[in-house]
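> With the input below, show me the fold.
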Amino acid sequence: MATDRRTVDRRLQTRATSLFGVDYPIVQTGMGWVAGVSLVVGTAEAGGLGILASATLTLEETKAAVSRIKDATDRPFGINLRTDAADIVERVDHMIAAGVKVASFAQAPRPDMVKKLKDGGVVVMPTIGARRHAEKVAEWGVDAVLCQGAEGGGHTGTIPTSLLVPQVLDAVDLPVIAAGGFHDGRGLAAALAWGTDGIAMGTRFLLTAESRVPDEVQAIYLDTAVTGTVVSTAIDGAPQRVIRTSMVEQLESSRLARFPRAALNALRFRKLTGTPLTALVKEGLAMRRSQELSWSQVAMAANAPMLTRAALVEGRAEVGILPTGQCVGVVDDLPTCDELITRIVADAIGRLDALTV
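Down below sits the predicted model:
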């Protein structure tokens, strides 16, 4: 467990490092099925902000994971939450009681949720993919935004990072964390030059020694080219960047979900995460209305978490989904979190030094 603060180049001390209480402006995103205890602890101990993925955990599993993290490190960390989780109130209460530093959201949290978290001393940071989304959550009082461009993995928007980030910086006076395509010190230096307060990385942390993704699946990621990803809506109705596998090609070509099988997998996911059946049905109806999905698409959306789990937890890549950022094509090793963050920081400082010569 680290106790001494590192001596950090002042150019890497941003509003985000002060807000999060970390050494470096580097965030490990809360990837479902991936961002577990070891990855969060490894990132935190290395001086970055680790975020636990709780959407794929029951409340009791989340509590146990938080306890293990706190036993392993005294550094700040965060938890990624689903705003529409049936037990979101209990999850928020637990975060506050446990003294978790940051609440990360893939969806915009409700204004009352933002207030409750902030009143409880928790930093609120939603992920946004458009300028108008940043403006909206800023009005609700969030503390920071994680701004993900189209190069990012999993659910992502259509605006490239290089266009989205400057728009968001012009729109809000908040710490902005840039995401989508970042994987090295050059990216961190570039993001700081844009005026952001740091970077967030998912795929780069997925490909580390502390990641719990099976070795054989990590090997697939390492073997994927920059052109080996696709943004598909066939998986769950929303644009999602994944590795182009035979499963994805099959979904893209058919666009039809096998409803009974998808429904059974949805029920398995419900059991794994403790989601009430009524909440699952309610979510499906809401998705059908808000996203104008067909019933087959709703079934596929319910099936999607199990397909992702099959690959990232069970190692069954042939029947699973492999979310990834486009940077997967330029990553070729599996360092520890400490090795990764150390070299990113050193490279960024070297790039910033070169700019001032």
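> Quick one: the helices in the stretch 101-250 of the chain, in order.
Taking DSSP state H, counting those that start in this stretch, the helices of the stretch 101-250 of the chain run over residues 111-119, 131-139, 161-171, 185-194, 203-206, 215-222, 246-254.
> Report all helices and strands that the last one contacts.
I take that to be helix 246-254. On a contact count with 3 or more Cβ pairs under 8 Å, 6 or more residues apart in numbering; DSSP states H and E, helix 246-254 meets strand 229-232. C-beta: built from backbone N, CA, C; applies to glycine.
> repeat for the fourth one
Secondary-structure packing of helix 185-194 (3+ Cβ pairs under 8 Å, 6+ apart): helix 161-171, strand 198-201, helix 337-355.
> Make TSV out of these and add mean pLDDT and distance to residue 253.
Shown next, in TSV, are the helices and strands packed on helix 185-194 (pLDDT from 0 to 100; distance: least, Cβ to Cβ, whole Å):
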stretch	mean pLDDT	distance to residue 253
helix 161-171	98	30
strand 198-201	98	32
helix 337-355	97	37
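> deepest of the helices of the stretch 101-250 of the chain, which one?
helix 203-206 (a mean of 28; mean count of other Cβ atoms under 10 Å).
> And that one, what does it pack against?
Using 3+ Cβ pairs under 8 Å, 6+ apart, helix 203-206 is in contact with helix 215-222, helix 337-355.
> where does the stretch 151-300 of the chain dip in pLDDT?
254-300 (pLDDT under 70).
> what about the helices and strands packed on helix 185-194, which gets the closest to residue 89?
Of all the helices and strands packed on helix 185-194, strand 198-201 sits nearest to residue 89, with 26.6 Å by Cβ to Cβ.
> Pull up the pairing partners for the closest one, direction included.
strand 26-28 (parallel), strand 176-179 (parallel) (DSSP bridges).
> buried sites along it?
198-201 (16 or more other Cβ atoms under 10 Å).
> Could you identify which of the helices and strands packed on helix 203-206 is most buried?
helix 337-355 (a mean of 18).
> if we can go back for a sec, any chance of the helices of the stretch 101-250 of the chain in TSV with distance to residue 327 as columns?
Compiled in TSV, the helices of the stretch 101-250 of the chain are given as follows (distance: least, Cβ to Cβ, whole Å):
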stretch	distance to residue 327
helix 111-119	31
helix 131-139	23
helix 161-171	10
helix 185-194	8
helix 203-206	6
helix 215-222	11
helix 246-254	18
